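A.B. asks: sequence first, then the predicted structure:
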Amino acid sequence: MVVGSDVQEAADSEWRLGTLRVSRMGFGAMRLASAAAFGQGPSRDRAESIAVLRRARELGVTHFDTAAFYFSALRSANELINAAFPDHDDDLVVATKVGPSRNASGEWADPARPDQLRGQVEENLRQLGRDRLDLVYLRVFGSGSVGEHVGALAELQAEGLIGNVGLSNVSTAQLTEASDIAEVVSVQNRFGLDQRTPEALAVLEETTRRQIAFVPYFAMAGTGGERGRPDETNPVVTDIANRHGASPSQIRLAWTLHQGPNVLAIPGTGDIAHLEQNVAAARIHLSREELDSL
Ligand SMILES: NC(=O)c1ccc[n+]([C@@H]2O[C@H](COP(=O)([O-])OP(=O)(O)OC[C@H]3O[C@@H](n4cnc5c(N)ncnc54)[C@H](OP(=O)(O)O)[C@@H]3O)[C@@H](O)[C@H]2O)c1
C-alpha cells in the first residue's frame, strides 16, 4: 500500500479528474434524499439537505457525487444539488452515474442498454440544470464486456454532453477494456477499512499505476452498505480515534485518504455536524504505526 509522508501531506489536498480538479474530501449525495438510500425510510427535510450541500461547499468541498436514481418519494439528489448551486461555479464538480434504472415508483428496472445511455445522460442534464455533465460514471453490473456502453459514452463525450468518463463497480479487466475506448479518469468501487478484498485492492493498484482517481464508496458504512451506519465498535479504530480526539468515522475517512494521493473520499450524510467532522477528517494525519495497526 502506498503510504509516505507525501501522501499524508496530500490528505487534505486536491486531485485532478481528467480536465477537472477536486478536493480529495468530497461529498456523496445518495443519502440526501432519505437517510437509508433509495427511499427506504422517510424523505429528508429539503431545506436541511440544501443547507448541508451549501455548508460542504463553504468548507472547501468541490466534488459532489450523485445519480438520477438517488431519489425518495419526495426528494431527488440531483434536484437538491441544482437548487443548492444554481450558479454552478467553475470550481464545482458534479459527478453522476448512468447504467442503473429505477422507474417513477422507485422500482429497479434492467440496467440501461448502450442505446439508452443518451436518455440517462439527458435526464441528468435536465435535473442538474446543466448543458454538460462534468463526470459521468458507467455503473456496471457483472463481469462482462463494457465496450459497447463505454463506446456510447465516448460518443456523448465527443458531442460535448459529457466532460469526463468514469467507471463504477468494475474489475481491472473491465478498466483495461474501457481505457482502450475512452479516457477513463476515475474508478468508483466499494472499498474501505473493513472491505479490502483482493479484487478491490487490485483495482486500486491499477488506478494508481494509471494515475487516475480511485473513489471508494461505503468507506464509512462498510459492510452495512446502503442502509448501513459506521461501525464504531472496532477497538483498533476506537483507540486511534481517542488518541486523535476524533471519532471512529473520522479515522475511517482519514485511513481512506491515506491509501494514496489518487484516492478520494465521498462520505454521505444529511447531518451538518457529521459533514463538518468528515471535512475535518481530511486533516488527520495517521502515523506509519497507526496505519500498520489498522
Ligand atoms: N457507485 C456505486 O455503486 C455507489 C454505491 C453506493 C454509494 N455510492 C456513493 O458513495 C457515497 C457514500 O456512500 P454512503 O453515503 O452510502 O455511505 P458512507 O458515506 O460510507 O456512510 C454513510 C453513513 O454514515 C453516516 N455518517 C456520515 N458521516 C458520519 C459521521 N461523521 N459520524 C457518524 N456517522 C456518519 C451517515 O448517516 P448521517 O446521514 O446520519 O450522517 C450514513 O448512515 C454515496 O453518497 C454515493 O454518492 C456509490
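C.D. replies: All right, it came through fine. These figures come from a predicted structure and were not determined experimentally.
A.B. asks: what's the burial count for residue 183?
C.D. replies: The local packing of residue 183 (other C-beta atoms under 10 Å) involves 13 other residues. For the C-beta atoms, the positions are set from N, CA and C on the backbone; glycine is no exception.
A.B. asks: can you check residue 119 too?
C.D. replies: Residue 119 sits with 12 neighbouring residues when counted by other C-beta under 10 Å.
A.B. asks: and for it, nearest residue in space, chain neighbours not counted?
C.D. replies: Excluding the flanking residues, the one nearest residue 119 by C-beta to C-beta, 6 or more residues apart in numbering is residue 112, at 7.8 Å.
A.B. asks: surely that neighbour is in a helix?
C.D. replies: No - Residue 112 is assigned coil when assessed by DSSP: H, G, I helix; E, B strand; the rest coil, not a helix.
A.B. asks: can you tell me how far it is from the ligand?
C.D. replies: Residue 112 is 14 Å from the ligand, where distance means C-beta to the nearest ligand atom, to the nearest Å.
A.B. asks: quick check: residues of the stretch 101-250 of the chain near the ligand?
C.D. replies: 139, 168-169, 188, 217-221, 226, 229-230, 247, 249 (C-beta under 6 Å from any ligand atom).
A.B. asks: and of those, the nearest to residue 21?
C.D. replies: residue 188 (17.5 Å; C-beta to C-beta).
A.B. asks: I'd say the residue nearest to residue 119 and residue 118 touch.
C.D. replies: No - Residue 112 lies out of contact with residue 118 (C-beta atoms under 8 Å); the separation is 9.5 Å.
A.B. asks: buried set for the helix or strand that contains residue 150?
C.D. replies: Using DSSP states H and E, residue 150 maps to helix 147-158. Neighbour counts over helix 147-158 (16 or more other C-beta atoms under 10 Å) mark 149-150, 152-154, 156-157 as buried.
A.B. asks: got those as CSV, with pLDDT columns?
C.D. replies: Compiled in CSV, the buried residues of helix 147-158 are given as follows (pLDDT from 0 to 100):
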residue, pLDDT
149, 98
150, 98
152, 98
153, 98
154, 98
156, 98
157, 98
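A.B. asks: for those, which one is nearest residue 287?
C.D. replies: residue 150 (40.6 Å).
A.B. asks: what about the closest residue to residue 17 other than its chain neighbours, which SS state?
C.D. replies: In this structure, residue 17 finds its nearest non-sequential neighbour in residue 185, 5.0 Å apart by C-beta to C-beta, 6+ apart. Following three-state DSSP, residue 185 is assigned to strand.
A.B. asks: mind checking the SS state of residue 167?
C.D. replies: Classification of residue 167 by three-state DSSP places it in strand.
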